[in-house]
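Novice: quick one, what's the 3D model for this:
(chains A and B, ligands or ions: 2)
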Amino acid sequence: MSSVNLRELTKRYAGGATLSLDSMNLEIAHGEFICLVGPSGCGKTTALRMIAGLESVTSGEIEIGDRVVNDLPPRDRDIALVFQSYALYPHMTVYGNMSFGLELRKVPKDEIKAAVTDAARILDLEEYLDRKPAQLSGGQRQRVALGRAIVRNPAAFLMDEPLSNLDAKLRVQTRAEIARLHHRLGATMIYVTHDQVEAMTMADRIAVLNMGKLEQVGSPRELYDRPANQFVAGFIGSPSMNFMPLLVENVDGAIRVVSAQHHMDVILSDAEADAIRRAGVSNVVLGVRPEHIDNQPRRDLGLEIRASVEVIEFLGNEVHVHVSSGDDELVVIVDARTPLSIGDTLTLSAPSDGLHFFHPETGVVLR
Amino acid sequence: MAKSTSVDDRRLVPLAKRLRPSRVVLNVVLGIVAIFWLVPTISLLVISLRPEALFGQSGWWKVFTAPSQLTWGNYAAIFSQGFHTGGVLDSLMTSLEITIPATILVALISSLAAYSLVFGYWRGRDIIFLVIVGLMVVPLQVALIPVVQFYRELGNLFGLNPYGTIPGVIIFHVAFGLPFGIFLMRNFFTGIPKDLLEAGRIEGAGEWKIFYRIVLPLALPAIASLAIFQFIWVWNDLLVALVFLGGNVHAPLTIFLYDQTRSLAANYWIVSTGAVVSIVIPLIVFFSFQRYFIRGVLAGAVK
Ligand SMILES: Nc1ncnc2c1ncn2[C@@H]1O[C@H](COP(=O)(O)OP(=O)(O)OP(=O)(O)O)[C@@H](O)[C@H]1O
Ligand SMILES: [Mg+2]
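Specialist: Ligands and ions are numbered 1, 2, ... in the order given. Coordinates of the predicted model:
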């Protein structure tokens, strides 16, 4: 069993004014692929390095398998870490890099050879075994770093932005490769990235961190469809969700939300109206994803916006249109065949299930 | 690898470019400088290869018109004495006995100290390093008398007086080689990515394994430079040996040559021949360590 449990895991660096990781709770099941995402400096690397044993734990507990590993040195935790920088030993060959860990553990020579050959075959590195890292391309080095991790057959793989040094095309390719590797090995993987696309495409579950705090954990679909708060809503999805401040009107007990400039009409469902009433707020933030807004008429109308076109970004299959509506700037995605020019006035609409309402101060979703 | 690159480089420079006036002038100037620097060494070599009798009669350059003057006679004479005390070979061995341990110890201790200074976690690392850097400016002469006294004191207390012994000289050289050694190694180690050590740590290496399987191999260029510096410094040292070896019957080459020049009828043939012998060893050391000066050993480590 190689589950990983974090309980109230907290980190304060020596001399650090704030907590780099604040009471993080996360249960990672055996064989699960979990992504830690969040903006730069949110504590992803800190969390990963604490699990690896490279950083001390300020408070809380880390459990790997069914052992609490807080006080175990890295080598006794049965984990492998793939560094963002790869950290290959430059003076050793590819074979030497992959076999080093096994050698240290006094694994018999023939077993080492079998394990390295096997990993090299999986990763398509067979012809490079005698080369030094300097003689490899970035993608090949990255695969050696992966190979070094898999030969040891660890309980859990930890990866810190392993793809961030690759170019866009190679990144997509290697992404698929890692996903394949995960299926094949069935191992627990904890993968750190600041790229939400990577997280969405690879993860079984995503943990979103912000300023040391865990904001939400869930499957990619959960995070996309039902973000718990404004931060997660804005972080997941590209282009980001549009946010617009709205006023809440209570006319004889009937809740309505309106924009200050009356550029949009919002039709609330009963549940939404209820939630807003219960929150007792005079403002709400409306969130709606660019891909949920377009200029087609629709039946389950939730939102109608009158807006003028400011910027048009043609991407081939779709067009990102930056529009302004009153004081609000929005991005919407429309079909590439829609004839558009700058200055056009559009009537845009979104379905009612594409609307999210957030508390104006706490950012918590109101539903 | 470095060698093949340089060959390739030469081939890559087209002939027209090599014959460009600026290049020609550059090469001529460099050639002149090189010859100028080599003249004393070459003259020494020639003198040692001519019969002693000719020394007073004509200049060494006569050899170019009369190559038949060249003879191994001086070398045969010097080596025929064998290893007996006071001979050139005995001094050569004494020099090696001092220089090799002094070099190895400095390289080893400096690397260990630098490892702790760079990768260790203890308070005051930076202060200690500053103190060590400060020690580099202490002139050797200042320490001679206090150390002699210190050695005597050791003798009084423990009956182990290093004064007048070869270990006594070695200890002094190691002590004076360490500040620079630690300085050099520490600065080199700071360039080694911490990720490499952490990778090793996760894979199961303890501090020793990390030190000699990861850090030391990467530091070979720095160790080679340090070893060459230290070797040549100790090899050429006269002062410390004179002070600390005192009456020891085994003297290093520097003392041997110095004694020869002091004798009234200076034994030019012994001095020149001995000097050539004393150049050969550092040259061997230099060329055998040279291959470690490959640039970019860290290439491919990270990113
Ligand atoms: N060694 C350290 N000493 C003190 N503070 C640190 C140290 N390492 C990280 N921090 C702080 O802890 C916080 C979290 O850093 P961390 O490296 O975990 O961020 P991250 O999420 O990995 O960011 P990125 O995406 O940029 O890699 C940051 O505010 C950072 O300044
Ligand atoms: Mg990071």
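Novice: in chain A, where is pLDDT below threshold?
Specialist: Filtered on pLDDT under 70, chain A yields the residue ranges A:1.
Novice: same question for chain B.
Specialist: B:1-13, B:264-266, B:293-303.
Novice: show me the domain layout of it.
Specialist: B:2-71, B:82-302 (automatic domain parsing).
Novice: report whether the shortest one contacts chain A.
Specialist: No. Domain B:2-71 lies apart from chain A when judged by CB under 8 Å from any CB of the partner chain; the minimum separation is 12.5 Å. Using the backbone N, CA and C atoms, a C-beta is placed for each residue, glycine as well.
Novice: got the contact list for the closest residue to residue B:60 other than its chain neighbours?
Specialist: Spatially, and ignoring its direct neighbours in sequence, residue B:60 is nearest to residue B:46 (4.5 Å; CB to CB, 6 or more residues apart in numbering or on different chains). With contacts defined as CB atoms under 8 Å, 6 or more residues apart in numbering or on different chains, residue B:46 is in contact with B:60, B:61, B:63, B:70.
Novice: can I get the lengthiest helix in chain A in CSV, CA atoms only?
Specialist: Counting residues, the longest helix found in chain A (DSSP state H) is helix A:168-185. C-alpha atoms of helix A:168-185 as CSV (Å, rounded to 0.1, in the frame of the first residue of the first chain):
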residue,chain,number,x,y,z
ALA,A,168,5.5,23.3,-26.1
LYS,A,169,5.4,20.3,-28.5
LEU,A,170,7.7,18.1,-26.5
ARG,A,171,5.7,19.0,-23.4
VAL,A,172,2.5,17.7,-24.9
GLN,A,173,4.3,14.5,-26.0
THR,A,174,5.9,13.9,-22.6
ARG,A,175,2.7,14.6,-20.8
ALA,A,176,1.1,11.7,-22.6
GLU,A,177,4.2,9.6,-21.9
ILE,A,178,3.9,10.3,-18.1
ALA,A,179,0.2,9.5,-18.2
ARG,A,180,1.0,6.2,-20.0
LEU,A,181,3.7,5.5,-17.4
HIS,A,182,1.3,6.0,-14.6
HIS,A,183,-1.2,3.5,-16.1
ARG,A,184,1.6,1.0,-16.7
LEU,A,185,3.1,1.2,-13.3
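Novice: contacts for that helix?
Specialist: By CB under 8 Å, 6+ apart, helix A:168-185 touches A:33, A:122-123, A:138-139, A:142-143, A:146, A:150, A:153, A:159, A:162-163, A:166, A:189, A:191, A:198, A:201-202.
Novice: now the one residue in chain B that gets nearest to ligand 1: closest residue in space, sequence neighbours ignored.
Specialist: Scanning chain B for proximity to ligand 1 using CB to the nearest ligand atom identifies residue B:194 as nearest, at 10.4 Å. Nearest residue to residue B:194, sequence neighbours excluded (CB to CB, 6+ apart): residue B:119, at 7.5 Å.
Novice: and what of residue B:93?
Specialist: residue B:83 (6.8 Å).
Novice: please apply the same query to residue A:279.
Specialist: Per CB to CB, 6+ apart, closest to residue A:279 is residue A:366, 5.3 Å.
Novice: list the residues that contact that neighbour.
Specialist: Contacts of residue A:366 by CB under 8 Å, 6+ apart are A:272, A:275, A:276, A:278, A:279, A:284, A:357, A:358, A:359.
Novice: what count of nearby residues applies to the residue nearest to residue A:262 when sequence neighbours are not counted?
Specialist: Of all residues not flanking residue A:262 in the chain, residue A:326 sits nearest, at 7.8 Å (CB to CB, 6+ apart). Look at residue A:326: counted by other CB atoms under 10 Å in any protein chain shown, it has 15 neighbours.
Novice: so which residues of the stretch 101-250 of chain B form strands?
Specialist: For the stretch 101-250 of chain B, applying DSSP state E, counting those that start in this stretch gives no strands.
Novice: quick one: name the residues of it near chain A.
Specialist: Checking the stretch 101-250 of chain B against chain A by CB under 8 Å from any CB, the hits are B:193, B:195-196, B:198-205, B:209, B:213-214, B:217-218.
Novice: mind listing what's buried in stretch B:262-277?
Specialist: By 16 or more other CB atoms under 10 Å in any protein chain shown, the buried positions in stretch B:262-277 come out as B:267, B:268, B:269, B:270, B:271, B:272, B:273, B:274, B:275, B:276, B:277.
Novice: so the last one touches residue B:87, yeah?
Specialist: No. With contact taken as CB atoms under 8 Å, residue B:277 and residue B:87 are classed as non-touching, separated by 11.3 Å.
Novice: what's the overlap in contacts for the two?
Specialist: residue B:78.
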